[in-house]
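Colleague: Build me a model:
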Amino acid sequence: MAHRPSDNTYYDFMGSEGGSRELDASYPIKVQLTSDDVQPGAKKVYLNDHTSVQANIIDGLIPGFRSILRSEGSLKLLIHDTDTNLEFKDYRFTFKNNGYYLESKKWSRDFVQRRNLKAGDRIGFRYKGAYTQTLQFSVIARGPRH
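Modeller: A predicted model of the protein is given here:
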């Protein structure tokens with residue numbers, strides 16, 4: 001269940017079909033979604049740009065959080081959907097199989113279904129401050145709809 005951080009009201013937003021938003025500069029970690037990312041029951045999204053992840057998440061972590069990520073292989077994050085102003089708990093930023101992932105049992109419900117994400121859509125992430133452990137999310141551009 002999603003909640004607005006200001007009033008804890010449940011909000012269900014399916015997103016718009018088509019269209020493009022030019023948010024590339026403000027969301028440095030960009031992901032072109034694949035069919036694996038949006039399949040029913042998907043539990044993770046692959047953050048494929050290692051350079052951007054390093055520069056915009058890892059380098060922004062305080063040393064204690066970097067230590068947790070190194071020792072445990074993951075770090076718990078809050079995801080803030082900036083388009084709808086909703087926050088989602090129980091997400092893990094992980095490093096495994098030489099890649100960075102954002103994982104949760106709720107990925108498919110919280111983002112794929114709620115925002116009507118499809119393969120080909122482009123989403124963006126940015127890390128918000130060293131102490132907040134918040135990753136901001138936005139839909140940057142919609143792929144072609146068939």
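
Colleague: The longest strand seen in the chain - contacts with which helices or strands?
Modeller: The longest strand of the chain (DSSP state E) is strand 86-96. Taking 3 or more CB pairs under 8 Å, 6 or more residues apart in numbering; DSSP states H and E as contact, the helices and strands that strand 86-96 lies on are strand 74-81, strand 99-103, strand 134-141. Heads up, the C-betas are built off the backbone N, CA and C, glycines and all.

Colleague: Pull out the buried residues from the biggest helix by length in the chain.
Modeller: Longest helix of the chain, by residue count under DSSP state H: helix 63-72. Using 16 or more other CB atoms under 10 Å as the test for burial, helix 63-72 gives 65, 69.

Colleague: Please apply the same query to stretch 40-51.
Modeller: For stretch 40-51, by 16+ other CB under 10 Å, it's 42, 44, 45, 46, 47, 49.

Colleague: picking up where we left off before, any chance of CSV for the helices and strands packed on strand 86-96, columns distance to residue 117, mean pLDDT and mean neighbour count?
Modeller: CSV is the format used below for the helices and strands packed on strand 86-96 (distance: least, CB to CB, whole Å; pLDDT from 0 to 100; neighbours: other CB atoms under 10 Å):
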stretch, distance to residue 117, mean pLDDT, mean neighbour count
strand 74-81, 12, 94, 19
strand 99-103, 13, 94, 19
strand 134-141, 7, 95, 20
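
Colleague: Adding distance to residue 123, write these out as JSON lines.
Modeller: JSON lines is the format used below for the helices and strands packed on strand 86-96 (distance: least, CB to CB, whole Å):
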{"stretch": "strand 74-81", "distance to residue 123": "10"}
{"stretch": "strand 99-103", "distance to residue 123": "10"}
{"stretch": "strand 134-141", "distance to residue 123": "6"}
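
Colleague: between these, which one is nearest to residue 54?
Modeller: strand 99-103 (8.7 Å; CB to CB).

Colleague: if we can go back for a sec, just the ones in strands from the buried residues of stretch 40-51, please.
Modeller: 44, 45, 46, 47.

Colleague: quick check, nearest of these to residue 93?
Modeller: So of these, ranked by how close each gets to residue 93 (CB to CB), first place is residue 47, at 8.2 Å.
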